[in-house]
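Undergrad: Have a look at this prediction, sequence included:
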Amino acid sequence: MEHVLKIENLCFTYHTLQGETEVLKDISFTLKEGEFVAVIGPSGCGKSTLFSLIANLYQPTSGSIVVRRQNEGFTSPIGYMLQKDYLLEWRSIYDNTLLGLEINHLLGESSIQRVEELLKLYGLWEFRNKKPSQLSGGMKQRAALIRTLALNPDLLLLDEPFSALDYQTRITVSSDICNLIRGTNKTVLLITHDLSEAISLADRILVFSNRPAHIIRDFQVHLTRSDDTILASRNAPEFKEYFHMLWEDLNDVRD
Ligand code: ADP
Ligand code: MG
């Protein structure tokens, strides 16, 4: 299968007036089409910086990042979703989901139709005229996801998108959103600090060391489970072993 993302020997250092911060050190990995990969690592190790580099907001100090375009997208092949949903309170849910298209001057018959289909598919059609504050946390995350998917990206970068939700909501919303994303066959990179979330949602996990971050583990997740619900994942016999392994990894890198 073709690579959607190929990163080779990536190094990155921030240069500021306060000095230099070496953040990423020799990162190499590839993502295949349709893969769902979680990135975990200590706070401040450089995960969000990696996303900024993939999204072309910064240039690598050395090494290379290649993103391959697959679909006939409207703009960038990359969709970015952050911790906070960033919905605008003065706009309806409908107008919020069209925001990305509007900013990129891509509002047209087919792009609007695409958003309307997503609103129906994700159970938000009846709520399209509501304001964000009238919706639950999970619904707002869905609306944010539709806004991201409206631009038809090939690669989704999710930077701790569920961490603003309370624990119980977070578990249901994260599995819900991930099932929706899986239905689109997009390639996904998900940053999370929640080990259980990584194990139960991802096909593969990359573990980053302390800053300057390098990859200390890259493995496929295989869970023996009766169905693809979150409870079945967490009850899989392998779950505990993975959790233990990741816990040890992160303890080891802590100075
Ligand atoms: P993570 O997402 O893993 O928590 P970040 O990528 O946000 O980590 O940050 C990695 C390191 O780079 C941290 O030490 C942070 O302080 C530093 N950093 C982040 N952004 C900047 C910036 N714009 N300028 C200088 N240093 C930065
Ligand atoms: Mg971060």
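TA: Noted; the coordinates are in hand. Ligands and ions are numbered 1, 2, ... in the order given.
Undergrad: Ignoring the adjacent residues along the chain, who's closest to the residue of the stretch 101-250 of the chain found nearest ligand 1?
TA: Per Cβ to the nearest ligand atom, R211 is where the stretch 101-250 of the chain lies closest to ligand 1, at 5.6 Å. (Glycine included, C-beta is placed from N, CA and C.) Excluding the flanking residues, the one nearest R211 by Cβ to Cβ, 6 or more residues apart in numbering is C45, at 4.8 Å.
Undergrad: Please tell me I have it right and the one you found contacts I215.
TA: No - using Cβ atoms under 8 Å, C45 is not in contact with I215; the gap is 10.9 Å.
Undergrad: higher neighbour count, these two?
TA: C45 (21 against 18; other Cβ atoms under 10 Å).
Undergrad: what's the pLDDT at that one?
TA: As predicted, C45 sits at a pLDDT of 95.
Undergrad: anything in the helix or strand hosting S28 near ligand 1?
TA: Using DSSP states H and E, S28 maps to strand 19-32. Yes - residues of strand 19-32 are located near ligand 1 by Cβ under 6 Å from any ligand atom, namely T21, V23.
Undergrad: What lies in contact with that strand?
TA: Surrounding strand 19-32, the residues in contact under the criterion Cβ atoms under 8 Å, 6 or more residues apart in numbering are 1-14, 37, 45-46, 49-50, 53, 63, 155, 187, 189, 206, 211-215, 218.
Undergrad: Okay, and which of those map to helices?
TA: Among the contacts of strand 19-32, the residues falling in helices (DSSP state H) are T49, L50, L53.
Undergrad: top of those by neighbour count?
TA: The most crowded member of the ones in helices among the contacts of strand 19-32, judged by other Cβ under 10 Å, is L50 (27 neighbours).
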